[in-house]
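Undergrad: Make a model of this:
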Amino acid sequence: MKETIFISDFDGTLSKKDFYWILLDDYIGQEGIDYYYDWKKDHKIGTEFLNRIFTWHRFSEVERLEALSKVEIDPKLEEVSGYIEKRGGEFMILSAGFDYYIEDALEKRNCQHLKLITNKGTFRDGTFIMEPDETGEFYSPVYGIDKEKVAKYFRKQCKKMYFAGDSEPDYLAALQADVIFAKNELAKLLRRDDHPFIPYENFGDILQKLKEGL
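TA: Residues are numbered from 1 along each chain as shown. As a prediction, this is how the structure comes out:
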């Protein structure tokens, strides 16, 4: 059994901006942004919505590389993951996005060794596309990946679990952790339901709290 497992969401948590918002803001524009707000009134931001956004714009090769280059990972990732690993723990990334852009960003930082649990995806015929594994043990018909199932599975394998997230898909997974780092929508949901959490803005904040002995 591991001493600790630290599970981090990717988009908007480990990365500075959700990949789909990069596409909305920089390639699709107001029509897509309006679609997001209309969709969010009655639906969850899951694979159906995301694949609509990912396939909205046909990317040239130059645009594909440019879009991938805009995925910025928090500069303190290596320090946080290293801090956990040196103390007998494991740092893993849990995302309801997809591996194509996440793996690209991790490789650029030489962090491809970190465990990644996410949806499959690719770039084909000028568009990004998610391809969730419907036979997978953690499959969710809404998100592709059921983060709560993942968190429950790994909670049994450690003495203490940390979770960092920022949005609604993280909520049930976060509740499995001993210590929750939350911001944005996730923080609002936890506050609403009176669940304790530690607010953060970036992984520098998280590293400081870890060093304080949480």
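Undergrad: which residues does the one residue sitting closest to the centre of the chain contact?
TA: The residue lying closest to the centre of the chain (Cα atoms, centre = their mean) is residue 10, at 2.6 Å. For residue 10, the contact set (Cβ atoms under 8 Å, 6 or more residues apart in numbering) comprises 93-95, 97, 102, 118. From N, CA and C alone the C-beta is placed, and that goes for glycine too.
Undergrad: same deal with residue 181?
TA: 162-165, 197-200, 205-206, 209.
Undergrad: Buried subset of these, written for PyMOL?
TA: For the buried members of these, the matching PyMOL selection, counting by 16 or more other Cβ atoms under 10 Å, is:
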select buried, resi 162+163+164+165+197+198+200+205+206
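Undergrad: quick revisit: which among the contacts of residue 10 gets closest to residue 68?
TA: Checking the contacts of residue 10 against residue 68 with Cβ to Cβ, the nearest one is residue 102 at 10.2 Å.
Undergrad: Just give me the neighbour total for the closest one.
TA: Neighbour count of residue 102, defined by other Cβ atoms under 10 Å: 23.
Undergrad: wait, isn't it in contact with residue 120?
TA: No. Taking contacts as Cβ atoms under 8 Å, residue 102 lies outside contact range of residue 120: 11.1 Å.
Undergrad: re earlier: pretty sure the residue nearest to the centre of the chain is in a strand, no?
TA: No. Assigned with DSSP: H, G, I helix; E, B strand; the rest coil, residue 10 falls outside any strand and is coil.
Undergrad: What segments of the chain are helices?
TA: Secondary structure of the chain (DSSP state H): helices at 19-23, 30-40, 47-54, 61-69, 77-86, 99-108, 147-155, 171-174, 184-192, 203-211.
Undergrad: Turn the ones you listed into JSON lines, columns for mean pLDDT and distance to residue 124.
TA: As requested, the helices of the chain are exported to JSON lines (pLDDT from 0 to 100; distance: least, Cβ to Cβ, whole Å):
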{"stretch": "helix 19-23", "mean pLDDT": "98", "distance to residue 124": "15"}
{"stretch": "helix 30-40", "mean pLDDT": "97", "distance to residue 124": "20"}
{"stretch": "helix 47-54", "mean pLDDT": "97", "distance to residue 124": "11"}
{"stretch": "helix 61-69", "mean pLDDT": "98", "distance to residue 124": "11"}
{"stretch": "helix 77-86", "mean pLDDT": "96", "distance to residue 124": "29"}
{"stretch": "helix 99-108", "mean pLDDT": "98", "distance to residue 124": "10"}
{"stretch": "helix 147-155", "mean pLDDT": "98", "distance to residue 124": "26"}
{"stretch": "helix 171-174", "mean pLDDT": "98", "distance to residue 124": "30"}
{"stretch": "helix 184-192", "mean pLDDT": "97", "distance to residue 124": "31"}
{"stretch": "helix 203-211", "mean pLDDT": "96", "distance to residue 124": "33"}
